[in-house]
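Colleague: Below: sequence and its predicted model.
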Amino acid sequence: MNRSLLVGLLWLLAPSIAWVQPDGRTILGSGNEFLSAGSFAIRVGQYDEGIRLTELGLRRYHPSTADRSAAYSNLCAAWAAKGEPDTAIPLCDESLKLSSDNWRAYNNRSYAYYLKGMYAEATFDLDSATAINPRARQVEQLRGMINERGLEPRVIMEDHQ
Amino acid sequence: MRFWLLASALSVLVPLSTLGQQRDADAIQLDPVGTWRCVVYGHPTYGDERVLLGFAPDQSARMARSTEGGTPTWSPLSRWQVENGLMSFADSRTGRRFSADLDRDTLSGEWRMLNLLGGWWCAGADADHGPGVDILTAAGELDRQREKQLIPEIMATPTFPRQAIREAKEGRVVLCFVVEPSGEVFEPEFVELSDELFRAPSLDALMRSRYKSWDPVAEGGGRPACRSFVYRLDYRY
């Protein structure tokens, strides 16, 4: 179960933790290299290193508001990937405070809520992410995971003779 | 096990054409003329109705309902007609419009009202019965019908498709079939299928089901029946 969860998590996070600007650009070594290195570390599963580098990037330089929002979203993703949703959620909150149209932050927070079993909150955040980016594949994957946990299936059978 | 898998796979293939998705121009169409023993289902008030439907060569149609101990009742229906392999007629008293795809193995289809939708399925009656004769109440037939009730022995529950849960899809399936005296289910046919996701689990569950067997000499041969599957999803939160 834990293994499948982790696989699902990485599957979800891989695209979302890439160092992507809100307009969709990917930063590759330009601007704040600590933030870029941090996102790379998170993407390859080195969460602690990714968190350290991202925090360095936030402290030592003065990133733009959009970059800070993306950095907090990445931190949120990393803590969620570590299985600590309670630490992750305030970081996503901070990201969204800086940029309310960051769909990745909504997606990451949704995953954190999912880990806590708060499916209504997770669904609400997913709906927000979908409203911003309706074509995001990760959002639909996470919605499927939430539905599997949050929906109770039943089949009613009736004979007609 | 392999046999059932094969049977399921074959059965899945057959109804594709019966649902009218692929019409074969050379296919032999069903001749509706005659008297049919039918089940009309899906109406919230009427419930499941067992009726006789009669279709004459002059395109007149009639329906007889089973009334316990009452007067035999044949009621006229609108004239039946066939267009592009689709038979249609109406019951003006209830406002139901019936239709049937004549490419199917037996007479069956759906009925519609203003805001209701249901289905019907027939097996050929043993003999034609003239007006004024209620076959179900005549000569204690109703009692025999009671004895002829199919009694499920194994009612297998289908697995809710995982993909449907992930996509939060609910659905409804109606399968009609014949139960042989051995209690086994034969000739399953999809009368209603809301989504392809529900096809395999419904058919698989039906084919794993069994009814109580009976003596074919004393109580007759195969009997028609239908089973509906309603796939529901409830929020846990």
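Modeller: Arrived safely.
Colleague: Centroid-nearest residue for chain A?
Modeller: A:Asn108 (2.1 Å; CA atoms, centre = their mean).
Colleague: For chain A, which residues are neighbours of chain B?
Modeller: Within chain A, the positions near chain B by CB under 8 Å from any CB of the partner chain are A:118-120, A:143-145, A:147-161. For every residue, glycine as well, the C-beta is placed using N, CA and C.
Colleague: From these, which land in strands?
Modeller: Within the residues of chain A next to chain B, residues falling in strands by DSSP state E are A:Leu151, A:Glu152, A:Pro153, A:Arg154, A:Val155, A:Ile156, A:Met157, A:Glu158, A:Asp159, A:His160.
Colleague: how far out from the middle of the chain is the single longest helix found in chain A?
Modeller: In chain A, with assignment by DSSP state H, the single longest helix is helix A:65-81. Computed by CA atoms, centre = their mean, to the nearest Å, the chain-centroid distance of helix A:65-81 equals 8 Å.
Colleague: Okay, buried residues for the very next helix or strand once past that helix please.
Modeller: Going down the chain from helix A:65-81, the next helix or strand is helix A:85-98, by DSSP states H and E. Along helix A:85-98, these residues count as buried under the neighbour rule (16 or more other CB atoms under 10 Å in any protein chain shown): A:Pro85, A:Thr87, A:Ala88, A:Ile89, A:Leu91, A:Cys92, A:Glu94, A:Ser95, A:Leu96, A:Leu98.
Colleague: and if you look at stretch B:155-169?
Modeller: Applying 16+ other CB under 10 Å to stretch B:155-169 flags B:Pro158, B:Phe160, B:Pro161, B:Ala164, B:Ile165, B:Arg166, B:Ala168, B:Lys169 as buried.
Colleague: Between all of the residues you listed, which two are at the greatest distance?
Modeller: B:Pro158 and B:Ala168 (17.8 Å; CB to CB).
Colleague: SS state for the residue most central in space within chain B?
Modeller: Of all residues in chain B, the one closest to the mean position by CA atoms, centre = their mean is B:Trp121, 2.8 Å from it. Look at B:Trp121: counting by DSSP: H, G, I helix; E, B strand; the rest coil, its state is strand.
Colleague: ok, what's across the strand from it?
Modeller: In this entry, B:Trp121 is beta-bridged to B:Val39, B:Ser108, by DSSP bridges.
Colleague: Who are the contact partners of it?
Modeller: B:Cys38, B:Val39, B:Tyr41, B:Thr106, B:Leu107, B:Ser108, B:Cys176, B:Val191, B:Pro224, B:Cys226 (CB atoms under 8 Å, 6 or more residues apart in numbering or on different chains).
Colleague: average model confidence for stretch B:225-237?
Modeller: Taken as a whole, stretch B:225-237 has a mean pLDDT of 91.
Colleague: Can you dump the C-alpha atoms of it in CSV for me?
Modeller: In CSV, the C-alpha atoms belonging to stretch B:225-237 read as follows (Å, rounded to 0.1, in the frame of the first residue of the first chain):
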residue,chain,number,x,y,z
ALA,B,225,-36.1,-13.1,-17.4
CYS,B,226,-34.2,-9.9,-17.2
ARG,B,227,-31.9,-8.5,-14.6
SER,B,228,-30.9,-4.9,-14.0
PHE,B,229,-27.7,-3.7,-12.4
VAL,B,230,-27.5,-0.2,-11.0
TYR,B,231,-24.0,1.0,-10.3
ARG,B,232,-24.0,3.6,-7.6
LEU,B,233,-21.3,5.7,-6.0
ASP,B,234,-21.8,7.2,-2.6
TYR,B,235,-19.5,9.9,-1.1
ARG,B,236,-17.7,8.7,2.0
TYR,B,237,-17.1,12.3,2.9
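Colleague: So is that stretch next to chain A?
Modeller: Yes. Applying CB under 8 Å from any CB, one finds stretch B:225-237 in contact with chain A at B:225-237.
Colleague: Most widely separated two among those?
Modeller: Within those, two members stand farthest from each other by CB to CB: B:Ala225 and B:Tyr237, at 38.3 Å.
Colleague: Can you pick out the residue with more neighbours from the two?
Modeller: B:Ala225 (21 against 14; other CB atoms under 10 Å in any protein chain shown).
Colleague: For that one, which three-state class applies?
Modeller: strand.
Colleague: Can you give me the neighbour number for the nearest residue to it once chain neighbours are set aside?
Modeller: Using CB to CB, 6 or more residues apart in numbering or on different chains and skipping residues adjacent in sequence, the residue nearest B:Ala225 is A:Gln161, 4.9 Å away. A:Gln161 is flanked by 18 other residues according to other CB under 10 Å.
Colleague: and A:Gln161, what does it touch?
Modeller: Taking CB under 8 Å, 6+ apart, one finds B:Val39, B:Asp48, B:Arg50, B:Gln149, B:Leu150, B:Arg223, B:Pro224, B:Ala225, B:Cys226 in contact with A:Gln161.
Colleague: Name the next helix or strand following the least confident helix or strand in chain A by mean pLDDT along the chain.
Modeller: Using mean pLDDT, DSSP states H and E, helix A:2-16 stands out as the lowest-scoring helix or strand of chain A, at a mean of 41. Counting by DSSP H and E, the next helix or strand C-terminal to helix A:2-16 is helix A:33-43.
Colleague: and the angle for that next one with helix A:65-81?
Modeller: In terms of direction (axes from the mean of the first three to the mean of the last three CA atoms, to 10 degrees), helix A:33-43 departs from helix A:65-81 by 30 degrees.
Colleague: what's the spacing between helix A:33-43 and its chain's center?
Modeller: Taking CA atoms, centre = their mean, one finds helix A:33-43 lying 15 Å from the centre of the chain it belongs to.
Colleague: Could you list the low-confidence segments of chain A?
Modeller: A:1-31 (pLDDT under 70).
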